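Enquirer: this is the structure alone, sequence omitted:
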């Protein structure tokens with residue numbers, strides 16, 4: 001069964017096929033109203049469950065719109081609707097949902113919830129985000145980079161700030177797509193050694209550089225993400241801000257990257273914190289192309305999962 005759980009769990013040939021499909025589907029929709037159906041309706045007659053234990057804007061809207069454009073229907077469920085893992089085991093929930101729907105997308109906290117859902121579901125499961133990884137976002141990011149600058153293989157990607165779940169999936173992608181990856185941030189926020197080890201084992205050059213200026217030298221792509229979670233206490237937020245402030249992506253830092261370097265942020269952003277508005281709205285930024293491409297990348301992921 002074609003679950004899409006993480007980039008490192010999907011073979012490089014399938015990942016490339018998904019991106020090629022996403023690019024083709026995006027080209028086919030040029031000039032169309034957002035609500036217009038695709039010419040091809042591969043999800044006609046299919047029901048997709050979208051489960052959200054975590055709040056969402058881009059993930060919810062992009063999956064919902066994507067399913068509808070491809071002729072399918074969605075059932076959007078929140079954690080409070082389902083009491084996932086509380087009123088009923090995750091395994092039983094997976095078995096029950098498999099009787100009603102053709103595909104499950106879940107956005108959750110603990111990775112174990114995703115893995116148990118996939119283990120017991122009789123239909124494909126997609127990782128919409130966990131606390132450890134965010135593979136759909138990185139598929140959109142690779143699509144975005146390549147439509148602006150061509151193949152990402154051999155390029156230098158620099159992550160500045162917190163080595164979080166998005167950073168983790170970027171490291172998986174480095175190994176699978178063959179680009180080099182530099183992390184710059186305080187030691188307390190280093191990405192997990194497991195993720196670094198995967199990329200290196202696949203042949204990618206992974207560098208930890210504490211000096212952000214040195215880190216971005218020669219960068220083809222500079223990426224950051226929010227410094228705090230919506231669940232962090234105020235004291236935690238202040239402490240994280242103090243540690244991460246030297247790694248803000250601003251115009252001065254971007255001057256040390258390649259002149260044609262791109263800037264990405266998966267959004268939502270806290271402007272003037274992890275990145276300045278001058279960078280986010282500046283000539284290097286592709287953040288809104290990146291957001292749009294969640295739609296196209298996820299449509300292709302769903303098609304790959306269902307083999308349609």
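Expert: Perfect, thanks for sending it. Everything numeric in this text was worked out from a predicted model, so none of it was measured.

Enquirer: for the stretch 201-308 of the chain, what are the low-confidence residue spans?
Expert: Along the stretch 201-308 of the chain, segments meeting pLDDT under 70 span 230-233.

Enquirer: distance of the residue nearest the centre of the chain from residue 40?
Expert: Geometric centre of the chain, nearest residue: residue 137, 1.7 Å, by C-alpha atoms, centre = their mean. Distance, residue 137 to residue 40, using C-beta to C-beta, to the nearest Å: 25 Å. Glycine gets a C-beta too; all of them are placed from N, C-alpha and C.

Enquirer: same deal with residue 263?
Expert: Counting by C-beta to C-beta - residue 263 and residue 40 are separated by 34 Å.

Enquirer: ok, the residue nearest to the centre of the chain touching residue 168?
Expert: No - using C-beta atoms under 8 Å, residue 137 is not in contact with residue 168, being 10.8 Å away.

Enquirer: could you list the buried residues of the helix or strand harbouring residue 235?
Expert: Using DSSP states H and E, residue 235 sits within helix 234-244. By 16 or more other C-beta atoms under 10 Å, the buried positions in helix 234-244 come out as 240, 243, 244.

Enquirer: export these as JSON lines, with columns for distance to residue 118.
Expert: Compiled in JSON lines, these are given as follows (distance: C-beta to C-beta, whole Å):
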{"residue": "240", "distance to residue 118": "32"}
{"residue": "243", "distance to residue 118": "35"}
{"residue": "244", "distance to residue 118": "33"}
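
Enquirer: what about the helices in this protein?
Expert: Ranges of helices in the chain, per DSSP state H, are 12-28, 58-69, 79-82, 90-100, 111-120, 135-149, 165-177, 193-201, 212-216, 234-244, 251-254, 277-280, 287-306.

Enquirer: in TSV: those helices, plus distance to residue 270.
Expert: Putting the helices of the chain into TSV (distance: least, C-beta to C-beta, whole Å) gives the following:
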stretch	distance to residue 270
helix 12-28	29
helix 58-69	16
helix 79-82	24
helix 90-100	33
helix 111-120	25
helix 135-149	17
helix 165-177	15
helix 193-201	24
helix 212-216	18
helix 234-244	9
helix 251-254	17
helix 277-280	11
helix 287-306	13
